[in-house]
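**Student:** Quick one, structure for this:
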Amino acid sequence: MVWLPGSQAVPVSRQLFFWALLLLVLAWLLRGQRRSLFGPVFFYDLVRSSRRGEQAGHRTFYALVLLCAIAGLYWSWFPNQSLDQLLHGRSMTISQRARFASSFVMSFMAAQFLVVFLITPLYTASAIAEQKERRTFDSVLITDLSNR
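**Tutor:** Numbering: from 1, shown residues only. Got it, this is the predicted structure:
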């Protein structure tokens, strides 16, 4: 049984049942709606961009940005630790752990938002420029799109 502070114990079998039920309902709601959820232009652009091979470099850059943000935070908290001390751990109080976890999540999310806010306009601008160059931008504009 799993115990959460301030709540009653919920059996693991019941938790697994509810998670499986949630996944089944979600799968049923999304079945066959992938195209209508994102639109035909999204799937066309997804296939086209994955065939060009640019995605691997962008993902590597993204992973390095997140790694640098997390490593910088770790070294700001523990500046004088050697690799041997790093592998054996360090004792911290609960409040120190909470502050470390909070700063860890904040730096991780800040790095993610920074990358998203910088990369999204670049992808959008390049997609629009490419559509204009191939003279298919008018087709994109007249495509029947829903509010979603």
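**Student:** which SS class is Gln81?
**Tutor:** Taking DSSP: H, G, I helix; E, B strand; the rest coil as the rule, one finds Gln81 in the coil state.
**Student:** could you point out which element follows the helix or strand bottoming out on mean pLDDT in the chain?
**Tutor:** Scoring the helices and strands of the chain by mean pLDDT, DSSP states H and E places helix 34-38 at the bottom, with a mean of 59. The first helix or strand that comes after helix 34-38 along the chain, using DSSP states H and E, is helix 40-52.
**Student:** for the chain, what are the low-confidence residue spans?
**Tutor:** 1-8, 32-39, 82-87, 89-90, 140, 145-148 (pLDDT under 70).
**Student:** I figured Ala110 was touching Ile70, is that so?
**Tutor:** No. Ala110 is beyond contact range of Ile70, at 11.1 Å (criterion: CB atoms under 8 Å). C-beta coordinates here come from the backbone N, C-alpha and C atoms, glycine included.
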